[in-house]
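Visitor: sharing a model prediction with you, sequence too.
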Amino acid sequence: MYQEMILQHYRAPHGRGLPTGPAVHEGARKNPLCGDDMRVGVVLAGDTIAAVGFEGRGCSITMASASMLTDAVRERPVVEARALAAAVEALLRGEVVREELLGGDLRALAGVAAYPQRVGCARMPWLALLDALEEARGTRV
Amino acid sequence: MYQEMILQHYRAPHGRGLPTGPAVHEGARKNPLCGDDMRVGVVLAGDTIAAVGFEGRGCSITMASASMLTDAVRERPVVEARALAAAVEALLRGEVVREELLGGDLRALAGVAAYPQRVGCARMPWLALLDALEEARGTRV
Amino acid sequence: MTDMTHTALAPRGDFPLLAANPLLHYLDSAATSQKPQTVLDAITHFYGTANANPHRGAYALAAAATDAYHEARETIAQFLGARDSDTLVFTRGTTEAMNLVANAWGRTHVQAGDEIVITALEHHANFVPWQQLAKSAGAQLRIAELTDDQQVDLDHLASLLSARTKVVAITHVSNAVGSITPVAEVVRLVRAHTSALLVLDGAQGAPHLPVDFDALGVDFYAFSGHKLLGPMGIGGVIGTRARWEECQPWQFGGDMIEWVHDMDSTWNVLPHRFEAGTPNAADAVGLAAAVRYLRALDMTAVRAHEVALLEYAQERLAGMDGLIVYGPPADARSGVLSFTLEDVHPHDLATILDQHNVCIRAGHHCAQPLMRRLGTSATARASFYVYSDTRDVDALVHALVEAQRIFAPVDA
Amino acid sequence: MTDMTHTALAPRGDFPLLAANPLLHYLDSAATSQKPQTVLDAITHFYGTANANPHRGAYALAAAATDAYHEARETIAQFLGARDSDTLVFTRGTTEAMNLVANAWGRTHVQAGDEIVITALEHHANFVPWQQLAKSAGAQLRIAELTDDQQVDLDHLASLLSARTKVVAITHVSNAVGSITPVAEVVRLVRAHTSALLVLDGAQGAPHLPVDFDALGVDFYAFSGHKLLGPMGIGGVIGTRARWEECQPWQFGGDMIEWVHDMDSTWNVLPHRFEAGTPNAADAVGLAAAVRYLRALDMTAVRAHEVALLEYAQERLAGMDGLIVYGPPADARSGVLSFTLEDVHPHDLATILDQHNVCIRAGHHCAQPLMRRLGTSATARASFYVYSDTRDVDALVHALVEAQRIFAPVDA
Ligand SMILES: Cc1ncc(COP(=O)(O)O)c(C=O)c1O
Ligand SMILES: Cc1ncc(COP(=O)(O)O)c(C=O)c1O
């Protein structure tokens, strides 16, 4: 599970810091088991994620997952970000996910599936992202 | 346990019916396990039990024990009745009780000791008697 | 005479206590059932391979414990017809389950002037919690009376139902006399006249009848593992999500919380919200093995086996002098033979039967309100299960005749 | 370095799970203990020879069940120093025990304006029941703070005590950091300033220290069987007769009643009054076997063994970079090593240790209020018991070094 890819993201996470300004939509999740929390903020430009960042504390899996998330969804259409979240979820459940659906660093999370107690750690940023997108949808009306 | 002696007392119990009059002291016990109840009444003449009787429903062991009780304590000093109650208690616990302390029909109750679940049945009239004697002591002041 | 072989539905050899005591006639399964070896093995296997505190550890052994506990919940929920296994909350047994519902739902929903309806058949576990809730809330307890053969009098029940009724708590099957409640009709009546919480005491339903919670239409269904071949110390209650959401937590502690602030707390989701503290995972795993055993026997076959034994017993006892058997006919009765014998007190019966290696129960069967209505303080009760067979019935009949002989009036 | 052989106090071979996994280093005994074969045998033996519903049957098998349950109560009460075994009430564990006391005593004695005193060390099981009682009664919850090494600050505790204090509930031993409460001093303080109910959470006391209830001077002492080599699903609370008599029944049902009238009921005597429903006799018998096993080891030796392991661990870890160990010195600490390691999240630690077959706990240990005060969301915790030895500690140290290597900053 502790591949170099995960450790790199953990040591120097990308996308740290929430975007600022009035157009930011935020999602927040907490893990009662370890007390960790994770906030993900997005700014949309039309149907595209113009800016994304996160704030929070957590284990290496949570931090790496958040870091990769910001790389993966920045400047992507919302619908693709949602699809990516679904693909990560499938990966974490141990399902086979095709390279076209989920590529790059994120595949490093596949090893987490073998540690069911840790799946929640990897999932947390993605749930926060979905919350943020949900909130954005709500305000757009 | 079901010796002929017990069955005889059960079929035709002695001392049925409470003594009447203002001087009667009563004790009552109920067994929540089977819903049975037992009342024992005494009339004292000085320190002696002048009259005794019982009223109640119960199994053969309860009824036989009550019947034998009335035979055994009628016209006996209160202190001897108490000693008898203690001797019966010892018998029911499976202890060896000398003939001088406890004679007659009552020894038939010895068999009950082998059935711990039934000891309460045999004990009930004696507890009611002790309650009645206690009540008598209270009113005499 | 009913055409029946001696064969039990389940081999005695599967049950260590019965196997070790070939002459024992255990006819007290309504009090607690004997356990098949597979249940004992499941418990031992859990402790030997997966013992850790579920939910709490981040290591593989703890994950194994959590998985085993989770699978037990799924197996048991499925056996009782609940597709959504998270709606099954584990308790020590039916008694704790009823206290849970009476507190978690009752305390916040039952107020002065409201009414709680139960029946005269109820076990104390489904009687006293409601009686005491009514007392402390200033509500009124209404008791549905019985027909002459100890079935719930549906007309009387209907007459008690009104907009004031907040809870209807009723037994699925009476432990004392075996009456089976016609659940569909009760559901229809209750839903037609009230918006009350409808709680079924399934302590004797789950072991003896096929149960399909999702189809029953009741709000809560409680049961005890030890009565359905499972270990002591485990049981539960299944509820609809909608009703669980109306409940407040009852016991507080680990696992049931989300966040504990100094002055207040928030709660975990179903089912954990109602399971405070280290769960009894080992016995849940044991109970899962028990329901797998029962599923293999098939609950329809279990029911048929008990009806056949009951009919065999009734035929063998027909014409016995002074025998009064309580309860409805076999098609509306679980495998319970509750009776009195003239001139022989039930406790004497139990002792004499015990001397003949026949284990029956004598007493009020935790149903004093019913006993008062029967006009007796106690009955004798023989009850059957999957390992019972006609030889058990024969031994019962033989010992009853013997008891009658011993106690026969001398001048008769 | 402390002079210690590898030998555990109890042979690993006595514990089926450990025997089957010779490479496993189980260091999560504060969560739940492993079970010796003798405990599993006792349970199996009960089901195979004495299985019936205690208290309820008039046949020999039921008497055997009743006797076994009764003897278990006597054995366990005696082990914990309670001469009057009827003052031991069985529950599922500490959590249910605390809820019992908070309801049975608390609800009738704590009123608006009263105060309940707990400490910042408490497990949620001894925190949330009192917090919620205070909330519903309109009473005030007061939290005694800690010294810098996480012991209860006795001066602060004393400052909270007054005539308004109705309950003082405090842990005997902290599960999260191991601090041992100086009970005698607490008793002196509480009795000097209040007439409060004094409740001890013995979940970590009973397994790790000699306990003499009659000498302690507290009102209630709660414990969990599964933490002291016993099975899951059983535990209890010992109280003084005087305090039990001030309690109202909490759960209602069979066995706890005397008479059930239609509109009210009367109650059975101690301990039955507080044990509603079919008891978990099998697991009580299992727990009795566990305390017999511990008695043979001798609780003073158990305590000495844990202190020695703790000291050995501290020496081996001395000087490890970035390691923070919580809790007081070994003489005031149970066999618990609670720590954080710089740059490595406790969950990552637990996973890496798990990859080295070392089972530890990472998280808030059901003590969120304590974690807030430590300024961390979680710690890693290794905890020892009778089967632990220095090899377990060596494996722990080795895996920690490995974790540190993996997570070391690249530029360091
Ligand atoms: C100090 C302490 N109190 C209470 C508890 C709760 O015990 P249980 O979960 O067995 O009810 C525990 C263990 O979980 C504990 O360590
Ligand atoms: C109909 C019925 N309800 C409730 C109970 C209580 O179950 P338990 O004692 O397992 O809690 C029983 C059995 O004792 C029962 O037969």
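Guide: Happy to help now that I have it. Numbers count the residues shown, from 1 in each chain, chains lettered A, B, ... in the order given. Ligands and ions are numbered 1, 2, ... in the order given.
Visitor: going forward, measure contacts between C-alpha atoms and count neighbours the same way
Guide: Fine.
Visitor: residue 9: what's it in contact with?
Guide: Using chain A here. Contacts for A:H9 were tallied using Cα atoms under 8 Å, 6 or more residues apart in numbering or on different chains; they are A:M63, A:A64, A:S67, A:M68.
Visitor: that answer is for a different chain, and I need it for chain C
Guide: Contacts were defined as Cα under 8 Å, 6+ apart; by that measure C:L9 touches C:L297, C:V302, C:H305, C:V386, C:Y387, C:S388, C:D389.
Visitor: of those, buried ones?
Guide: Among the contacts of C:L9, those buried by neighbour count (16 or more other Cα atoms under 10 Å in any protein chain shown) are C:V302, C:H305, C:V386, C:Y387, C:S388, C:D389.
Visitor: out of the contacts of C:L9, who's nearest C:P16?
Guide: Each of the contacts of C:L9 was scored against C:P16 by Cα to Cα, and C:Y387 proved nearest at 11.7 Å.
Visitor: in helices, which of the contacts of A:H9 fall?
Guide: Of those, the ones assigned to helices by DSSP state H are A:M63, A:A64, A:S67, A:M68.
Visitor: which non-adjacent residue is nearest the residue in chain A that ligand 1 sits nearest to?
Guide: Closest approach between chain A and ligand 1, counting by Cα to the nearest ligand atom: A:L33, at 14.0 Å. Excluding the flanking residues, the one nearest A:L33 by Cα to Cα, 6 or more residues apart in numbering or on different chains is D:G363, at 5.9 Å.
Visitor: across the sheet, point out what pairs with the nearest residue to A:C34 once chain neighbours are set aside.
Guide: Beyond its immediate neighbours in the sequence, the residue positioned closest to A:C34 (Cα to Cα, 6+ apart) is D:G363, lying 4.6 Å away. Residues found in beta-bridge contact with D:G363 (criterion: DSSP bridges) are D:T379.
Visitor: who in the stretch 251-400 of chain C is up against ligand 1?
Guide: On the criterion Cα under 6 Å from any ligand atom, ligand 1 has as its neighbours in the stretch 251-400 of chain C the residues C:G277, C:T278.
Visitor: returning to that earlier point: so which of the contacts of A:H9 also contact ligand 1?
Guide: Subset of the contacts of A:H9 in contact with ligand 1: empty, counting by Cα under 6 Å from any ligand atom.
Visitor: quick one: is the helix or strand where C:M371 lies near ligand 2?
Guide: For C:M371, the enclosing helix or strand under DSSP states H and E is helix C:368-374. No - counting by Cα under 6 Å from any ligand atom, no contacts exist between helix C:368-374 and ligand 2, the nearest distance being 12.2 Å.
Visitor: quick check: mean pLDDT of that helix?
Guide: On average, the pLDDT along helix C:368-374 is 96.
Visitor: stretch C:332-346 too?
Guide: Across stretch C:332-346, the average pLDDT comes to 95.
Visitor: same deal with stretch C:258-276?
Guide: With pLDDT averaged residue by residue, stretch C:258-276 scores 96.
Visitor: and the strands in chain A?
Guide: When assigned using DSSP state E, the strands of chain A occupy the ranges A:25-31, A:36-45, A:48-57.
Visitor: of those strands, which stretch is the most buried?
Guide: The highest mean neighbour count among those, using mean count of other Cα atoms under 10 Å in any protein chain shown, belongs to strand A:36-45: a mean of 23.
Visitor: so which residues make contact with that one?
Guide: A:18-19, A:23-31, A:49-58, A:124-125, A:128-129, A:132-133, D:377.
Visitor: go again using 6 Å as the cut-off
Guide: Residues lying outside strand A:36-45 but in contact with it, judged by Cα atoms under 6 Å, 6 or more residues apart in numbering or on different chains, are A:18, A:23-30, A:49-58, A:128-129.
Visitor: low-confidence ranges, chain C, go.
Guide: Scanning chain C for pLDDT under 70 picks out the ranges C:1-6, C:56, C:411-412.
Visitor: tell me the domain boundaries of it?
Guide: Annotated domains of chain C cover C:12-31+C:298-407, C:40-295 [automatic domain parsing].
Visitor: quick check: A:I61 touching A:A122?
Guide: Yes - using Cα atoms under 6 Å as the test, A:I61 is close enough to A:A122 to be in contact (5.5 Å).
Visitor: any figure for the gap between the residue nearest to A:L33 and B:G46?
Guide: Summarising the geometry, the distance separating D:G363 from B:G46, computed by Cα to Cα, to the nearest Å, is 77 Å.
Visitor: neighbour-wise, which of these two wins?
Guide: Remark: of D:G363 and B:G46, D:G363 carries more neighbours, 27 against 9, as counted by other Cα atoms under 10 Å in any protein chain shown.
Visitor: re earlier: tell me which of the domains of chain C is the most buried.
Guide: The densest packing among the domains of chain C, expressed as mean neighbour count by mean count of other Cα under 10 Å, is seen in domain C:40-295 with a mean of 22.
Visitor: tell me if it is near chain D.
Guide: Yes - between domain C:40-295 and chain D, judged by Cα under 6 Å from any Cα of the partner chain, the touching residues are C:48-49, C:53, C:57-59, C:95, C:124-125, C:128-129, C:232-233, C:252-254, C:277, C:280.
Visitor: follow-up on the earlier one: could you dump the strands of chain A to CSV with mean pLDDT and distance to ligand 1?
Guide: Conversion of the strands of chain A to CSV gives the following (pLDDT from 0 to 100; distance: least, Cα to the nearest ligand atom, whole Å):
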stretch, mean pLDDT, distance to ligand 1
strand A:25-31, 92, 19
strand A:36-45, 95, 21
strand A:48-57, 95, 26
